[in-house]
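Asks: A structural model of the following input is requested.
(chains A and B)
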Amino acid sequence: DTEVTQTPKHLVMGMTNKKSLKCEQHMGHRAMYWYKQKAKKPPELMFVYSYEKLSINESVPSRFSPECPNSSLLNLHLHALQPEDSALYLCASMGGRINTEAFFGQGTRLTVV
Amino acid sequence: SQQGEEDPQALSIQEGENATMNCSYKTSINNLQWYRQNSGRGLVHLILIRSNEREKHSGRLRVTLDTSKKSSSLLITASRAADTASYFCATGGGASYDKVIFGPGTSLSVIP
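Replies: Model prediction:
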């Protein structure tokens, strides 16, 4: 199984809502990632978890809160978002070896109204 | 954060022609990877080249890496309409080998 599964595929939320994005992989990968991608732009790194611990936070606003409950799951909790946070949110995972590729999910298309 | 630049930003070619995309980066790396993205969905890994390699082939893909110039190129030979997509280079490693940073990408259109 070389899949990274993200749910939901689409999400519309109001600025006062709280919602969560979910990501799951069963490849035994030790590193999991959240990226944000705006239209016609490259994916922008947000967070990296390594062995279920947050290892990289690219100065992301606190209205985005990542969580890694176990080695297969990664969540991104959203609260008090702004319309400019509307984007495609991509999850990825990578195995334990150096010089290995990342596997991406299909993303969650988030619209903040 | 974003790594380097890609050139060209957009490329339109006829089916059967070759497509060449270039990528430059700024920091030291362990590897450089190329990904394809169709219609703003998930990215698909194409090829990874290590920092001690100069050239790598996979099917119709050829990647070169010049660490002295901090640049890489992706060549797609005998292009097909199905190759129409956005192509991104991404660097892995450096200060943290977990950090995978993408370049701005090239939008490729292959006209049948």
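Asks: from chain A, how far off is the nearest residue to B:P112 once chain neighbours are set aside?
Replies: Nearest in space to B:P112, with sequence neighbours left out and distances taken as C-beta to C-beta, 6 or more residues apart in numbering or on different chains, is B:A81 at 4.6 Å. C-beta coordinates here come from the backbone N, C-alpha and C atoms, glycine included. B:A81 sits at a distance of 21 Å from chain A (criterion: C-beta to the nearest C-beta, to the nearest Å).
Asks: got it, and B:D7?
Replies: In this structure, B:D7 lies at 14 Å from chain A, with C-beta to the nearest C-beta as the measure.
Asks: give me the element the nearest residue to that residue once chain neighbours are set aside is part of.
Replies: Leaving aside its sequence neighbours, B:D7 sits nearest to B:N22 (C-beta to C-beta, 6+ apart; 4.5 Å). For B:N22, the enclosing helix or strand under DSSP states H and E is strand B:19-24.
Asks: and that strand, what does it pack against?
Replies: The helices and strands touching strand B:19-24, judged by 3 or more C-beta pairs under 8 Å, 6 or more residues apart in numbering or on different chains; DSSP states H and E, are strand B:5-7, strand B:10-14, strand B:71-76, strand B:85-93, strand B:106-111.
Asks: if we go to 10 Å?
Replies: If contacts are counted by 3 or more C-beta pairs under 10 Å, 6 or more residues apart in numbering or on different chains; DSSP states H and E, strand B:19-24 sits against strand B:5-7, strand B:10-14, strand B:31-37, strand B:61-66, strand B:71-76, strand B:85-93, strand B:106-111.
Asks: coming back round to it: any idea how far the residue nearest to B:D7 is from chain A?
Replies: To chain A, B:N22 is 15 Å away according to C-beta to the nearest C-beta.
Asks: please name the bridge partners of that residue.
Replies: When assigned by DSSP bridges, B:N22 has beta-bridge partners B:D7, B:S73.
Asks: enumerate every residue touching residue 43.
Replies: Since you didn't name a chain, this refers to chain A. A:P43 sits next to A:33-37, A:87-90, A:92, A:102, A:104, A:107, B:2, B:35, B:37, B:43, B:88, B:90, B:100-102, B:105 when contact means C-beta atoms under 10 Å, 6 or more residues apart in numbering or on different chains.
Asks: wait, chain B was what I had in mind.
Replies: A:35, A:37, A:42-43, A:90, A:92, A:102-107, B:33-37, B:85-88, B:90, B:102.
Asks: nice, that's everything, thank you.
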